[in-house]
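Peer 1: what's the 3D shape of this:
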Amino acid sequence: MPRGHKKGYKHSEETKMKISKAHTGKTLSEEHKRKLSENFPDRHGENHPMYGKHQSEESNRKNSESHEGEKNHMFGKTHSEETRKKMSENHADFSGDKSVRWNPNLTDEDRQNHRHRPPLHHSHIWLDRRSQRSCVKP
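Peer 2: Alright, predicted model coming up:
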């Protein structure tokens, strides 16, 4: 490998921790932010490489499979009670008429009787991947 060439190089966990510790608490100067902005053009909207493109069904399937089971970052983990409380508090602003599923055409009676259950995104049938059997969501 040519001198100074880093392609394929992997830092050790110890080195990663040292780098992380060295960068903790640092803020970027306005000049540095300006240089970053000049060297890395805006990648939103039309400038984004995926703008106007769609992934194929096969790509979506492969991506989904690559995050299943033990490969998922949350596999075997649960959120602490403190984290769950914070998540609940942060999502409280999206309840009622602020909810993305809010339907202004429903009456209060419909809301109380839960007869307004909105349709699920794709289908009312989902696949329980752990048991590989079809289930009907309530």
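Peer 1: so, low pLDDT: which residues of this structure?
Peer 2: Applying pLDDT under 70 to the chain flags the ranges 1-5, 92-98, 100-102, 111-138.
Peer 1: now with 80?
Peer 2: Within the chain, the stretches with pLDDT under 80 are 1-7, 37-45, 90-138.
Peer 1: tell me where it has strands.
Peer 2: Counting by DSSP state E, the chain has strands at residues 125-128, 133-136.
Peer 1: gap between Asp42 and His48?
Peer 2: Applying CB to CB, to the nearest Å, the value for Asp42 to His48 is 9 Å. From N, CA and C alone the C-beta is placed, and that goes for glycine too.
Peer 1: equivalent analysis for Ser64, please.
Peer 2: Plainly put, Ser64 is 22 Å away from His48 if you go by CB to CB.
Peer 1: cool, and Glu57?
Peer 2: 21 Å.
Peer 1: same thing with Gly25?
Peer 2: Separation of Gly25 from His48 (CB to CB): 31 Å.
Peer 1: what's the neighbour count on Lys16?
Peer 2: If you count neighbours by other CB atoms under 10 Å, Lys16 ends up with 11.
Peer 1: correction: the previous question concerned Lys6.
Peer 2: Count around Lys6 with other CB under 10 Å applied: 8.
Peer 1: now swap in Glu46 and tell me
Peer 2: Neighbour tally, Glu46, other CB under 10 Å: 7.
Peer 1: repeat that for His11.
Peer 2: 11.
Peer 1: hmm, Ile19 and it touching each other?
Peer 2: Yes - with contact defined as CB atoms under 8 Å, His11 and Ile19 form a contacting pair (7.2 Å).
Peer 1: follow-up on the earlier one: more crowded one of Glu57 and His48?
Peer 2: His48 (11 against 8).
Peer 1: list the contacts of the more buried one.
Peer 2: For His48, the contact set (CB atoms under 8 Å, 6 or more residues apart in numbering) is empty.
Peer 1: if I look at it, how far off is Pro41?
Peer 2: His48 is 10 Å from Pro41, by CB to CB.
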